[in-house]
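In: Show me how the following folds:
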Amino acid sequence: MLNTYLTPEMVRLQIDVKDWEAAVRAAGNLLVDAGYVSPNYIEAMINAVHEMGPYMVLAPGLALAHARPEDGVLKMGISLVTLAKPVNFGSEANDPVNLVIAFGGTDHESHLGLLVTLASFLEDESRRKELASVKTYQELDQLIKAQ
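Out: This next block holds a predicted model:
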């Protein structure tokens, strides 16, 4: 299921960003460019962190960027960005982050199957580390298929 959504157009690997906002923008722009969300959605993801803190940093090195469906989701989608140099989101327990996944769901339920699959894939810390270090889409695709 993941490789259905994480196509080459929805992935950027080992990119350089100056801070967590730029990392969220990079992942969000992939969703915008593919027509999954409006540009407002990126701002909503960033504003959510400013308002609620780094809640989207779910595990060591991993941020799951998202906002509410009404903030600009057009259709369900997911993107993945790995960072050449990790950035801090302000999460004492899980910073620095080197893997940012952005997603948008059209309602509060339709994306749950995708999130369960994603959680299963990312629950293993060694797999997250391997994912964060892939250099090519082919390596990513093999890692997903090996699950």
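In: Could you pull out the strands in the chain for me?
Out: 11-15, 57-59, 62-65, 77-87, 97-104 (DSSP state E).
In: Quick check, A132 in contact with A63.
Out: No. Using C-beta atoms under 8 Å, A132 is not in contact with A63, being 11.4 Å away. Any C-beta I mention is one placed from the backbone N, CA and C, and that applies to glycine too.
In: what about those two, which has more around it?
Out: A63 (30 against 18; other C-beta atoms under 10 Å).
In: Quick check: that one vs P54, distance?
Out: Going from A63 to P54 by C-beta to C-beta, to the nearest Å gives 8 Å.
In: ok, now R12?
Out: Distance from R12 to P54, by C-beta to C-beta: 21 Å.
In: show me the contacts for the residue most central in space within the chain.
Out: Per C-alpha atoms, centre = their mean, the C-alpha nearest to the average position across the chain is that of I101, at 0.7 Å. Contacts for I101 (C-beta atoms under 8 Å, 6 or more residues apart in numbering) come out as A27, L62, A63, L64, A65, I78, S79, L80, V81, L118.
In: any idea which of those has the most stuff around it?
Out: A63 (30 neighbours).
In: circling back: which residues do A63 and P54 both contact?
Out: In contact with both A63 and P54: W20, F89, using C-beta under 8 Å, 6+ apart.
In: returning to what we had before: okay, and the beta partners of the residue nearest to the centre of the chain?
Out: Here I101 sits in beta bridges with L64, L80, as judged by DSSP bridges.
In: Give me the pLDDT for it.
Out: pLDDT for I101: 95.
In: Ok, I144 next?
Out: Note on I144: pLDDT of 87.
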